[in-house]
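Asker: sequence plus predicted model, see below.
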Amino acid sequence: RQPCAVMGEVDPFEFFKEELQAFRDDCCERRKILGRMTLIAGAMGKDDTAGKLVPFLTECITTEPYDKDDEFLYYVAKGYRELPDHLPPNGWQALVPSLESLGNQDETLIREEAVKTLASMTEHASDKVGAVDVVLPVLQRLAAAEWFSPRCASCLLFPAVYQFASDTVKADLRKLYVGLCNDDAPMVKRSAAKHLAGLTAVMDKKDFFGSIQPTFAKLAGEDTDWQDVIRVEMVKTLVVLAEKLDEKENREMTGERVSKFCADKSWRVRLQVTRSIAEFCKAVGPAIASELMKPIGDLLKDQQQEVRVSTIENFKNALELVSVESLQTHIVPRFQDLAMDTSTNVRSALAKLIGHVAAKVGRNGTLQGQPSLLSTVMELLKDEIADVRLHVVNHTGSICEVLGLEPVQQLLSTLPTLSMDNQWRIRMAVVSQIPILGQQFGTDLFQSKLEGLFLGFLGDSVNAVRVAAVENLEPIVKAFGPQWTTDHFLPRVLEQNTATQ
């Protein structure tokens with residue numbers, strides 16, 4: 001059937017025009033209408049879309065009142081991204097002039113959306129070389145524009161064009177990008193710094209060191225207060241670059257640069273390092289990741305609360321890549337001070353992490369750090385904030401497995417207090433850990449230290465705690481066997497049930 005038959009007797013293009021005209025003063029409705037752009041294009045067919053819809057939209061963005069409507073222009077730029085699927089082969093090229101015009105707009109969101117669409121079309125074009133020939137002149141005009149706003153927008157387009165360009169064009173693009181990184185306009189400089197990571201990702205290591213590395217070093221080393229945003233972006237670029245370097249290069253460049261970033265006077269730069277801990281460790285490999293623990297460990301005593309919290313929260317994903325020795329030397333010793341930190345968020349984050357660190361270090365590995373680990377856990381279990389206590393209790397089983405039997409006696413002495421905690425979630429967490437502890441240390445310890453506590457939970461005042469206790473009967477029975485259950489445990493459970501009733 002004909003494309004127009006999808007909408008019956010209604011011409012979809014005329015319907016689209018009439019809707020825009022009818023709601024020309026209602027920005028919300030116009031936004032909804034533009035959201036149906038691909039639906040209209042599908043009903044019209046590829047030829048009519050190219051011959052009618054595209055010229056109409058091209059005219060709209062330069063005609064009042066639409067050319068003054070930022071929301072209209074933004075959603076046109078966004079809608080263009082899906083439109084090539086409804087155009088003939090290479091029909092997307094007819095959209096390029098409109099997108100270039102939108103890329104010259106003063107409004108940042110419009111510019112960025114237009115350039116993102118242009119980049120997407122370049123990357124998904126069937127003829128990549130032909131796409132570069134079409135988009136490259138647009139990129140060059142934007143990058144050389146008199147006003148700073150098009151130059152800002154051009155930075156986002158470089159990676160899409162660069163990866164499909166010839167070697168000669170790539171050299172020209174690198175030179176052009178270096179110029180943007182050194183632009184006199186701060187906004188252009190920031191935009192170039194922001195998108196340097198994307199360009200680095202599609203660039204050969206040789207070309208980076210030949211053209212971009214001096215600029216990267218300059219941007220990463222600028223220490224004026226307003227340049228901290230640029231240094232934040234250099235942290236992101238360093239992560240991408242580290243993935244391309246070998247071990248020797250990472251030790252010389254990445255390790256040194258990370259140490260400097262960790263000591264940066266701007267807390268925003270240090271915060272970005274903490275957010276990239278796992279990415280850095282994965283990029284450089286276990287050997288160098290362990291060497292990075294010293295500067296990263298220093299961030300655990302950073303003067304900014306946000307930096308300390310972020311370091312703790314993001315460290316979990318890097319644990320598998322770090323050696324036990326570096327953990328015990330640079331990370332675990334910081335835990336005691338963190339457990340008494342004035343920030344609730346810091347203590348709560350530590351309570352979530354400490355069980356994972358204990359499991360990583362292992363029972364044999366903690367002989368050196370065992371006293372500090374135990375004192376940290378004891379301090380957190382006495383914390384005045386319920387969430388801190390809860391997070392530690394949830395990791396009690398793994399912590400006790402690492403500490404061994406003798407230190408566990410001291411730790412288990414806190415369970416009676418926790419079993420009477422005012423917060424029912426903490427009591428329920430204790431219930432869930434009792435079977436784990438019983439399996440680790442056998443029937444003698446269970447009967448002497450844990451059995452009475454567990455049976456008490458069967459009569460707890462909160463239904464959720466009682467249900468949790470009943471559900472945890474099964475792992476206890478499976479752990480100690482039917483004979484022990486029949487002779488000892490079942491009579492105690494029935495006795496407790498009778499006493500409760």
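Answerer: Noted; the coordinates are in hand.
Asker: next up, the contacts around Thr62.
Answerer: Ser101 (CB atoms under 8 Å, 6 or more residues apart in numbering). For glycine as for every other residue, the C-beta is placed from the backbone atoms N, C-alpha and C.
Asker: hmm, I was thinking of Pro295
Answerer: Contacts of Pro295 by CB under 8 Å, 6+ apart are 258-259, 262-263.
Asker: for the one helix or strand it maps to, the distance to its chain's centre please.
Answerer: For Pro295, the enclosing helix or strand under DSSP states H and E is helix 293-299. Chain-centre distance of helix 293-299: 21 Å, with CA atoms, centre = their mean, to the nearest Å.
Asker: cool, stretch 384-393 as well?
Answerer: 26 Å.
Asker: just the C-alphas of that stretch, formatted as PDB.
Answerer: Taking Å, rounded to 0.1, in the frame of the first residue of the first chain, the C-alpha atoms of stretch 384-393 are listed here in PDB:
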ATOM      1  CA  GLU A 384      25.500   6.400  67.100                       C
ATOM      2  CA  ILE A 385      24.100   6.300  63.600                       C
ATOM      3  CA  ALA A 386      22.000   3.200  62.900                       C
ATOM      4  CA  ASP A 387      22.900   2.900  59.200                       C
ATOM      5  CA  VAL A 388      26.600   2.700  60.200                       C
ATOM      6  CA  ARG A 389      25.900  -0.200  62.600                       C
ATOM      7  CA  LEU A 390      23.700  -1.900  60.100                       C
ATOM      8  CA  HIS A 391      26.300  -1.900  57.300                       C
ATOM      9  CA  VAL A 392      28.900  -3.400  59.600                       C
ATOM     10  CA  VAL A 393      26.500  -6.100  60.900                       C
END
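Asker: if you rank the contacts of Pro295 by neighbours, which is first?
Answerer: When neighbours are counted by other CB atoms under 10 Å, Val258 leads the contacts of Pro295 with 25 neighbours.
Asker: about what we covered before: now do the helix or strand following the helix holding Pro295, average pLDDT.
Answerer: Sequence order places helix 305-315 as the next helix or strand after helix 293-299, per DSSP H and E. For helix 305-315, mean pLDDT rounds to 95.
Asker: likewise stretch 443-450?
Answerer: On average, stretch 443-450 scores 85.
Asker: before we move on, what about stretch 157-170?
Answerer: Rounded mean pLDDT across stretch 157-170 is 93.
Asker: likewise for stretch 230-248?
Answerer: The model assigns stretch 230-248 a mean pLDDT of 93.
Asker: also stretch 379-391?
Answerer: 89.
Asker: again, but for stretch 463-472
Answerer: If you average the pLDDT over stretch 463-472, you get 92.
Asker: what does it contact?
Answerer: Residues contacting stretch 463-472 (CB under 8 Å, 6+ apart): 424, 427-428, 431-432, 434-435, 454, 457-460.
Asker: rewinding a little: dump the contacts of Pro295 into TSV; add pLDDT and distance to Ile110 as well.
Answerer: Listed next are the contacts of Pro295 as TSV, based on pLDDT from 0 to 100; distance: CB to CB, whole Å:
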residue	pLDDT	distance to Ile110
Val258	93	37
Ser259	92	41
Cys262	93	38
Ala263	92	40
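Asker: can you tell me which of the residues you listed end up in helices?
Answerer: 258-259, 262 (DSSP state H).
Asker: give me the below-cutoff pLDDT ranges for the protein.
Answerer: Confidence mapping of the chain against pLDDT under 70 gives the ranges 1-9, 223-226, 363-371, 404-407, 499-501.
Asker: so for it, the centremost residue is which one?
Answerer: Centroid check for the chain by CA atoms, centre = their mean gives Arg275 as the closest residue, at 7.8 Å.
Asker: residues in contact with it?
Answerer: By CB under 8 Å, 6+ apart, the residues touching Arg275 are 310, 314.
Asker: re the thing from before, for the contacts of Pro295, which one is nearest Glu495?
Answerer: Closest approach to Glu495 among these (CB to CB): Cys262, at 59.2 Å.
Asker: on that earlier part again, and the contacts of stretch 463-472, which of them are buried?
Answerer: Buried members of the contacts of stretch 463-472, counted by 16 or more other CB atoms under 10 Å: 427-428, 431-432, 434-435, 454, 457-458, 460.
Asker: now distance to Ser211 too, for those, in CSV please.
Answerer: Below are the buried ones among the contacts of stretch 463-472 laid out as CSV (distance: CB to CB, whole Å):
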residue, distance to Ser211
Arg427, 63
Met428, 60
Val431, 62
Ser432, 57
Ile434, 63
Pro435, 61
Phe454, 67
Phe457, 67
Leu458, 72
Asp460, 68
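Asker: what is the nearest of these to Asp204?
Answerer: Comparing those against Asp204 with CB to CB picks out Ser432 as the nearest, at 52.7 Å.
Asker: return the residues in contact with the closest one.
Answerer: Ser432 sits next to 394, 468, 472 when contact means CB under 8 Å, 6+ apart.
Asker: just these now: which is nearest Leu319?
Answerer: Looking across those and measuring by CB to CB, the closest to Leu319 is Asn394, at 17.2 Å.
Asker: that closest one: how many residues sit nearby?
Answerer: 18.
Asker: do Asp184 as well
Answerer: 7.
Asker: need phi/psi at it.
Answerer: For Asp184, the backbone dihedrals (degrees, to the nearest 10) come out as phi -70, psi -30.
Asker: just to revisit the earlier point, widest-spaced pair of the buried ones among the contacts of stretch 463-472?
Answerer: Pro435 and Asp460 (16.5 Å).
Asker: give the contact list for the closest residue to Ser276 other than its chain neighbours.
Answerer: What sits nearest to Ser276 in space, not counting adjacent residues and going by CB to CB, 6 or more residues apart in numbering, is Val239, at 5.2 Å. Applying CB under 8 Å, 6+ apart to Val239 gives the contacts 197, 276, 279-280, 283.
Asker: kindly recompute the last result at 7 Å.
Answerer: Contacts for Val239 (CB atoms under 7 Å, 6 or more residues apart in numbering) come out as 276, 279-280, 283.
Asker: out of these, which is most surrounded?
Answerer: Of all the contacts of Val239, Phe280 has the most neighbours under the rule other CB under 10 Å, reaching 25 neighbours.
Asker: isn't it up against Glu291?
Answerer: No - counting by CB atoms under 7 Å, Phe280 stays clear of Glu291, with 11.0 Å between them.
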